[in-house]
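Engineer: Any chance you can model this:
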Amino acid sequence: MSRARQPPLVTGISPNEGAPWTKVTIRGENLGTGPNDLIGLSICGHNCLLTAEWMLASKIVCRVGPAKDDKGEIIVTTKSGGRGTSTVSFKLLKPERIGILDQSAVWVDELNYYDMRTDRNKGISPLSLRPANPLGIEIDKGTVPLKDLENMFPRMSGDFTSENFSATWYLIENHSLTSFEQLRAAVGNLKKQASKKNEGSLAYVKGGLSTFFEAQDALAAIHQKLESDGTEKVEGSMTQRLENVLNRASETADTLFQEVLGRKDKADSTRSALNVLQRFKFLFNLPLNIERNIQKGDYDVVINDYEKAKSLFGNTEVPVFKKVYSEVETRVETLRKLLLDKLLETPSTLYDQKRYIRYLSDLHAPGDPAWQCIVAQHKWILQLMQNCKEDYIKEQKVGGVGLELDRSSALNRISLSAPVKRGGSFQTPKDDSRLYKSPQQVRFVEKLSDVVISQLPNFWKLWISYVNGSLFSETGEKSGQVEKLKKNARQRQNDFKGMIEEVTCRLVQLVRGALLPSSLTEQQLRQYGGWDTKTPLIGAWLTQVIHTVRLSLEALSALEIPNDLLQVIQDLLQDLRVHCLLTTLQHAEEDVKRLAEKEDWVVDNEGITSLPAQFEQCMVQMLQSLKEPMECKPGEINIFNLDVVQDKACEQCVSIMKVFIKCLEHLSTKTDGETGTSHLSVDLASPDLFGSIQEDFVSKPEQLLLIILSNCQYLERHTFLNLAEHLEKNGFTTAEKIIRVSIDALRQLDEYLFETYIEKKTDPIVGSLEPGIYAGYFDWKDCLPPTGVRSYLKEALVSIISVHAEVFTVSKELVSRVISKIIEAVAEEMSRLMQCVSSFSKNGALQARLEICALRDAIEPYLTSESLTSFKQALEVLPQLQSGADKKLLEELLNKFKSSMKLQLNCFKSASFQPVKR
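Structural biologist: All right, here's what the predicted structure looks like:
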C-alpha cells in the first residue's frame, strides 16, 4: 500500500484538555492531502468538521464542540485513507457558568459561540444558547454504545446543533427508556415552543392595547381643558405655575438629600473601584510579580504571565489598564536585556544558551538573539585560543618547565627507548627526570586542542539547533517567528561557514607557529609565533603532537563538519608528519655520531664488536618510533609517495649511513691512548686452535684496523641487508638506493683500510727478502751446494705466520683475504729478485729453486692466480735441472724443510675455505 492510502494516525493534540470551543492543534500522519480530502473529524464523539482548518498533512486546527463524553479519542477521516486511529486523547472540561451579575476574581470574556448550522463565524451571547433539553422531559440515558450508534447512523450525529443531526440517534441516546406518554408530552412541548416563537412581538403589542388607549384618552382630556380655559397662551398660566412649583420642589429635595446622595455616589464609586481591583488584580499585581520572579529566576512564570496579560490587555483602550500594562512592558524590557546579557556571557553551557534563546523568543525580543549568541561564542573561542598561546609563551620566557604529566594521559603512551645491548641507546634523555616532563610546545598543542574539542562541538550543535528551529518554543511558531529565523539562518550559512573556517585556520596557524615556524609568513609569525625554537623537539614529542592533532580531527569529523573546512588540519598533519620524519632522521644521525664513543673493542667469536649491533638497533628503534606518525589514517596520504619527501628521506638516510662509516674511519685512526683501553679483549669461547688459551692481546693500530675490517665485512653481509628489509617494511620506497649507496661507501672504506693494513704488514716482510738473500756476501754464481732452506725464508714465513695468528685472533674470515694478499706481494718480490740475477751457477740455480718451491709449497692454501704467476715467472728464470741427482736432492731438501717446520706450517693447513678475491 502506498503512503497516500494509509489511514490517518493522530499522535498529538495541543492543548490536551480544555472547555468547549477551545482551539486545538492536531498533529499526526496522513491527515489528508488537502482541505477537500478531509471528510470527518470528531473529538470526544463530537463532530468538529465545520470548525476544522486543514494546514498540512501532519497538522489540523479546529475547535472542540460541547461533547457529551469527558474524555475521548480524536478520529480523523479522509477520502484517501478512510477512518483513522489515535494514540492520544482529549479531556473535555465542564466550565462553571458565570452570569453577568456574578462577581469573578478574573476577567471573563464573552465567548464567541459558533452557530454551525447558520454562519459559523457569527458570534452570539452565551445567554442565547439553545436549551440542553429541547423536549422538556427528563433525560434517560440508554446503554447503547456510541460506536454502535456511529455504525447504525454513518456520518450522522445526535447533537441537535449539528448539521447532520439525526432525531432517531438523539432519541435512542437520550430517551431509550422513556415511555410513550412522556414522548407524547414532549411533542406538546415542542408545539408550544414553536407557537411562542411564531407569536413574536405582535402578541406583546396586543396584550398592551388597553393601556395605550387609556393613556391616549387622558392626554386628549388635558388638551381639551387647556383649550377651554384659554390661559395656555397667557403668562402665568397654570402650566407655567405648575412647572415653577415642580422646580422649587426639586431644588428643595436636592438640598435635603444632596449630602446623602453624595455619600451614596462616593460609596458606589469606591465599591466599583474595589470591584475593579478585585476583578483585575492579576493585572495590577503583575509588575510586582514580574520583578519578584525575575529575582528568583522563574523566567517561565514571567513569560506565561506576560503572554496572558498581552492577550487580555494588549489592545485595551481603558486608561488605567493601559498605564499598568505599560509598566508591565517596562519590566519585561528589563528582563529582555537581562536575558540577553546572560546569553552573551561567557563561558556558558549549551543548555543555558538554548534556554535563554527560547526565553527571548517567547518575549519577542528584537533582533536575532540566537545569531548574537553564535557570534559571541565564536569570538570567545578565538580569544581562548589566543590566550592559551600567550600564557604558554609567557611561561616559557620566565623559564617555566613542563609540569609532570598524568600517568594516565595520552603522553604516557609515548614509547621511550630502552637501553640497547652493551650500553647503546636511542633518544634516551640524559636526565631521568625528563621522562615525565613535556616541552612547552607539546603542552600548548594539547591545551589548544582541548579548547577546540571542548568548545567547537557545542558551537556546532547551537548552529544546528538554530537552523532547524528547535531553539524556539511554540509561542514563536505561532507568531511566525520561527520561519523568519529559519530564513535568516539559511541566509547566514556562509557567515557561519566562515566562522568554522576561521577557528580551524587559527588552530592550524597557532600549531604551525609553535612547531613549524618556517611554514608561516613574517606577518603570521608576528601574530602566531614568538616561541623559543633554539632546542628543537625530538621525534617522540612530535609523535605525541601528531597523535593529539589526529584526535582533534576525529572529534571534529564526528560532528559532520564539511571536509573542506577540515582540509587545513589534514594539511597540517601532513606537514607535521614530514617534519617528524626528517627531525627523527636528523636526531638519529646525531645518535649515530655518538656511537663511536661506545666502542668497547670486545671481539666476539664472529670477529665483530658490538658496534654493528648498536648501529642496527639504533636504526630499528628510529624506524619503530616513526611507525605511528607514518601510518596513514583515514583521509591521510602516504608521505613517501611525495617526490620531495622521498628525496629528502633518502638523502638523510644515506647521510646517516655515511656518518656511521665515518665513525668507523675515525676509529681506525685512533691511537692507543685514544681507544680508552690498553688491551683488546678476545672472546675465545668457541673451539678453535686456541680454544684453551685465555689471553689479552696488546692493542696496536694494525689490530684496530682488523677489527674495523671485520665490522665492515659484517655490515655489508648482514647489517645493511637487515636494514634494507626494515626500511621497506616501514614504507621507505628508496630503501634499495639507500643500501646500494651505503654499500659503495662502505666498500671504499674497506678497501682503504685493507690496503693500509696490507701495506703495514707487507712492507717489513718484502723488505727483508733481498737483504736476507744476499746476507754473508752470497753470490748466485759462486756458492756451495745447497744443504737446506736459508734463514731469511724461514724468517719471512714466521712473519707471515705471525700475521696469520693476528688476523685469526680477530676474524677467521679475514685470514684468507689478508694472507693471500701478503703472499702475492712476497711472490712478486721473489720473482723480481730472481729476474734481476744476471746468471746462476748450477748450485745457485738449485738453491734458488729450492727456496722458491719451499715458499710456494708452504703457503699453497693461500695461493692466488697472481701469486702462482709470479712463482712461475721466478722459476722460468732459473736454469732447468739436468740430472736426476739434482732433482732427487731438491726433493730431499724440500721434505727436510717441511719436516723441520711442520709445526709452524700447520696454521696454513687449517684454512677450509677458498681465498676471497676483493
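
Engineer: okay, CA-based contacts and neighbour counts for the rest of this
Structural biologist: Noted.

Engineer: Kindly report the domain assignment for the chain.
Structural biologist: 9-92, 149-178, 251-344, 775-907 (the TED database).

Engineer: Now do the same for residue 779: helix, strand or coil?
Structural biologist: Following DSSP: H, G, I helix; E, B strand; the rest coil, residue 779 is assigned to coil.

Engineer: And the spatially closest residue to it that is not a sequence neighbour, which helix or strand is it part of?
Structural biologist: Spatial nearest neighbour of residue 779, chain neighbours left out: residue 844 (7.7 Å); criterion: CA to CA, 6 or more residues apart in numbering. If you go by DSSP states H and E, residue 844 is part of helix 842-858.

Engineer: taking the mean pLDDT, what do you get for that helix?
Structural biologist: For helix 842-858, mean pLDDT rounds to 87.

Engineer: Off-centre distance for whichever helix or strand comes after that helix?
Structural biologist: Sequence-wise, the next helix or strand downstream of helix 842-858 (DSSP H and E) is helix 865-877. Using CA atoms, centre = their mean, to the nearest Å, the mean C-alpha position of helix 865-877 is found 81 Å from that of the whole chain.

Engineer: Which positions within helix 865-877 qualify as buried?
Structural biologist: Within helix 865-877, the residues scored as buried using 16 or more other CA atoms under 10 Å are 866, 867, 868, 869, 870, 871, 873, 874, 875, 877.

Engineer: Just put these in CSV and tack on pLDDT.
Structural biologist: Formatted as CSV, these follow (pLDDT from 0 to 100):
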residue, pLDDT
866, 91
867, 89
868, 92
869, 92
870, 90
871, 87
873, 90
874, 87
875, 88
877, 86
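
Engineer: Between these, which sits nearest residue 15?
Structural biologist: Set against residue 15, the nearest of the buried residues of helix 865-877 by CA to CA is residue 866 (113.3 Å).

Engineer: tell me the centre residue of the chain?
Structural biologist: residue 555 (1.0 Å; CA atoms, centre = their mean).

Engineer: Pick out the shakiest of the domains of the chain, pLDDT-wise.
Structural biologist: Lowest mean pLDDT within those: domain 149-178, at a mean of 78.

Engineer: Next, count neighbours for residue 810.
Structural biologist: Counted with other CA atoms under 10 Å, residues neighbouring residue 810 total 29.

Engineer: distance of residue 382 from residue 369?
Structural biologist: 20 Å (CA to CA, to the nearest Å).

Engineer: hang on, I meant residue 667
Structural biologist: Residue 667 sits 76 Å away from residue 369, going by CA to CA.

Engineer: Quickly list what residue 165 is bridged to.
Structural biologist: residue 157 (DSSP bridges).

Engineer: Tell me who's in contact with it.
Structural biologist: Shown in contact with residue 165 (CA atoms under 8 Å, 6 or more residues apart in numbering): 156, 157, 158, 159.

Engineer: If we use 10 Å, what do you get?
Structural biologist: Residues near residue 165 by CA atoms under 10 Å, 6 or more residues apart in numbering: 155, 156, 157, 158, 159.

Engineer: Tell me the buried residues within those.
Structural biologist: Among those, the ones that count as buried by 16+ other CA under 10 Å are 156, 157, 158, 159.

Engineer: biggest separation within the residues you listed, which pair?
Structural biologist: So, the buried ones among the contacts of residue 165 by CA to CA: farthest apart are 156 and 159, at 9.1 Å.

Engineer: what ranges do the strands span in the stretch 551-700 of the chain?
Structural biologist: 679-680, 697-698 (DSSP state E, counting those that start in this stretch).

Engineer: now swap in the stretch 1-150 of the chain and tell me
Structural biologist: 9-14, 17-18, 23-29, 38-43, 46-47, 53-56, 59-63, 71-78, 82-83, 85-86, 89-92, 113-114, 123-124.

Engineer: Tell me what angle the third one forms with strand 9-14.
Structural biologist: What it means is strand 23-29. 150 degrees (axes from the mean of the first three to the mean of the last three CA atoms, to 10 degrees).

Engineer: what angle do strand 23-29 and strand 59-63 make?
Structural biologist: Going by the same axes, to 10 degrees, strand 23-29 makes 150 degrees with strand 59-63.

Engineer: Given strand 23-29, what are its sheet partners and their directions?
Structural biologist: Paired neighbours of strand 23-29 in the sheet (DSSP bridges): strand 9-14 (antiparallel), strand 59-63 (antiparallel).

Engineer: who wins for proximity to residue 395 among those?
Structural biologist: Of all these, it is strand 9-14 that lies closest to residue 395, at 59.4 Å by CA to CA.

Engineer: Please point out which parts of that closest one sit buried.
Structural biologist: Residues of strand 9-14 classed as buried: 9, 10, 11, 12, 13 (neighbour count, 16+ other CA under 10 Å).

Engineer: Residues in a beta bridge with the closest residue to the last one other than its chain neighbours, which ones?
Structural biologist: Put plainly, it is residue 13. Leaving aside its sequence neighbours, residue 13 sits nearest to residue 26 (CA to CA, 6+ apart; 4.5 Å). Beta bridges link residue 26 to residue 13, residue 60, judged by DSSP bridges.

Engineer: Renumber starting at 53 from here on
Structural biologist: All set: I'll call the first residue 53, so the last point we hit is now residue 78.

Engineer: What is the neighbour count of residue 78?
Structural biologist: With other CA under 10 Å as criterion, residue 78 counts 23.

Engineer: Which of the helices or strands spans residue 854?
Structural biologist: helix 843-862.

Engineer: Could you pull out the helices in the stretch 653-802 of the chain for me?
Structural biologist: Listed in chain order, the helices found in the stretch 653-802 of the chain under DSSP state H, counting those that start in this stretch are 663-677, 679-682, 695-720, 753-766, 772-781, 787-825.

Engineer: and the host helix or strand of residue 550, what does it pack onto?
Structural biologist: Secondary structure assignment for residue 550, by DSSP H and E: helix 545-567. In this structure, helix 545-567 packs against helix 421-449, helix 492-520, helix 574-580, helix 591-609, helix 615-645, with contacts taken as 3 or more CA pairs under 10 Å, 6 or more residues apart in numbering; DSSP states H and E.

Engineer: list the contacts for the nearest residue to the residue nearest to the centre of the chain once chain neighbours are set aside?
Structural biologist: Closest residue to residue 607 apart from its sequence neighbours, by CA to CA, 6+ apart: residue 505 at 6.7 Å. Shown in contact with residue 505 (CA under 10 Å, 6+ apart): 499, 603, 604, 605, 606, 607, 608.
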